[in-house]
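Enquirer: sequence first, then the predicted structure:
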Amino acid sequence: MKMRNSIAIALVLIFGIFLFRIFEYHHTSTSLNNSATYYNTNAPAEVGTANVVTAIVVTYRGLDTLGEVTVLFLTALIIGYILKQKNREKSVVNYTSEILITAVNILIPASIILGVYVFINGHLTPGGGFQGGAIIATGIVLLILSNPSKLMNMKVLHFIESISGFTYILIGLAGLLFAGGFLDNRILPLGNIGNLLSAGAIPIIYSLIGLKVGTEISSILASINETKENTIKP
Amino acid sequence: METFKIIMMATLALVMIISAVMAVVSKKMPLAILASGAISLLASVFFLVLASPDVAMTEAAIGAGLTTFLFFIILRKTEQNSHENEK
């Protein structure tokens, strides 16, 4: 035990020295670098978003976002495969406090509306598909916490997830055909900056990402909740 | 204004370190889970002050919200399991 503690302390010290060296050589830049300047000056005209981060995430680096969504999809797939239940049974625990149930009944609609708001306004305000999806999934987690014996309708979750992922790819391919490249948002008119219906296909893409992320995380949590305890062996 | 900001951030950083230590050392599981959630919450405040609201939103939604609740669900499952083993 003593040995292990000293190894841990030594590792922390080495890491601390490492971080301190980085801190020592770090200097705050006073101007934007080349790519940042390009994005800042050209994004509103080229992509039509008020939020430049969204322009980078969805359009300029759209392929990376597709990769992230794919990673999350694979995670959901693997967890669903490992925790697969042949006969889904209701969870044994059924005790939850009355306060939690009442509060959750008020909070679930609010959190789902907030999530939808965040991903629909992704091109105007901070936030977007991932954040909105996570907020929706938080509402679903609250539902699971307050009522553990409730069984989710997995078919609906998987259906929404597959449809939105498929449509996302289709929109990307449409950009390849009708506009500048894969995931180009100019397949739809750009509109005026600041309007809800502007920035081409970005609101649609972000809504699809939001639905996909929300249903994926919800299905992960639901399959964790429905696992019988003795099916996971260490 | 600048000094106030520095003092505020230093306090937040101190609270963050304390809760990180608490998450590791604490013997009570719910306390450790809440402490690890508090780290994410304070980190999201940091991101907001450093002018990156998008990252702050992700950190608050996933780190402070989802992960904490997920840990509580799993805590209940494992505790239930250990009760069954005791019988």
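Expert: That came through, no problem. These numbers come from a predicted model, not from an experiment.
Enquirer: can you list the residues of chain A near chain B?
Expert: Those residues of chain A that sit near chain B, judged by Cβ under 8 Å from any Cβ of the partner chain, are A:51, A:53, A:92-93, A:118, A:126-128, A:130-131, A:134-135, A:137-138, A:141-142, A:144-145, A:148, A:217, A:221, A:224-225, A:227, A:229-230. For every residue, glycine as well, the C-beta is placed using N, CA and C.
Enquirer: could you write me a PyMOL select line covering just the buried ones among those residues?
Expert: A single PyMOL command selects the buried members of those (16 or more other Cβ atoms under 10 Å in any protein chain shown):
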select buried, chain A and resi 51+53+118+126+127+128+130+131+134+135+137+138+141+142+144+145+148+217+221+224+225+227
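Enquirer: buried sites along the longest helix belonging to chain B?
Expert: Counting residues, the longest helix found in chain B (DSSP state H) is helix B:2-25. Neighbour counts over helix B:2-25 (16+ other Cβ under 10 Å) mark B:12, B:16, B:19, B:22-23 as buried.
Enquirer: C-terminal to the lowest-mean-pLDDT helix or strand in chain A, what's the next element?
Expert: Using mean pLDDT, DSSP states H and E, the weakest-scoring helix or strand in chain A turns out to be helix A:34-46, at a mean of 80. The C-terminal neighbour of helix A:34-46 among helices and strands, as given by DSSP states H and E, is helix A:52-54.
Enquirer: any idea how far that following helix is from the chain center?
Expert: Counting by Cα atoms, centre = their mean, to the nearest Å, helix A:52-54 is centred 16 Å from the centre of its parent chain.
Enquirer: center of chain B - which residue?
Expert: Centroid-nearest residue in chain B: B:Gly37, 1.9 Å away (criterion: Cα atoms, centre = their mean).
Enquirer: my guess is it contacts B:Ile62. True?
Expert: No - using Cβ atoms under 8 Å, B:Gly37 is not in contact with B:Ile62, being 11.1 Å away.
Enquirer: before we move on, back to that, inside helices: which ones of the residues of chain A next to chain B?
Expert: A:53, A:118, A:130-131, A:134-135, A:137-138, A:141-142, A:144-145, A:217, A:221, A:224-225.
Enquirer: what about stretch A:164-183, distance to the chain center?
Expert: 20 Å.
Enquirer: got the buried residues for it?
Expert: Result for stretch A:164-183 [16+ other Cβ under 10 Å]: buried residues A:164-165, A:167-168, A:171-172, A:174-175, A:179, A:182-183.
Enquirer: narrow those residues to those in helices?
Expert: Using DSSP H, the buried residues of stretch A:164-183 in helices are A:164-165, A:167-168, A:171-172, A:174-175.
Enquirer: what stretches of the chain score poorly on pLDDT?
Expert: By default, I'm working from chain A. A:1, A:85-95, A:228-234 (pLDDT under 70).
Enquirer: should've been chain B
Expert: In chain B, residues with pLDDT under 70: B:1, B:80-87.
Enquirer: can you pull out the strands in it?
Expert: Along chain B, counting by DSSP state E, no stretch forms strands.
Enquirer: need the residues of it near chain A, please.
Expert: B:53-54, B:56-58, B:61-62, B:65-66, B:69-70, B:72-74, B:76-78, B:80-81, B:84.
Enquirer: the residue lying closest to A:Asn185 once chain neighbours are set aside in helix, strand or coil?
Expert: Counting by Cβ to Cβ, 6 or more residues apart in numbering or on different chains, A:Asn185 lies nearest to A:Gly200, which is 3.6 Å off, once chain neighbours are set aside. Assigned by DSSP: H, G, I helix; E, B strand; the rest coil, the conformation of A:Gly200 is coil.
Enquirer: check the gap between the residue lying closest to B:Glu59 once chain neighbours are set aside and A:Gln131 for me.
Expert: Once flanking residues are discounted, B:Glu59 sits nearest to B:Ser44: 4.0 Å by Cβ to Cβ, 6+ apart. When Cβ to Cβ, to the nearest Å is the yardstick, B:Ser44 and A:Gln131 sit 11 Å from each other.
Enquirer: give me the common contacts of these two.
Expert: B:Met57 (Cβ atoms under 8 Å, 6 or more residues apart in numbering or on different chains).
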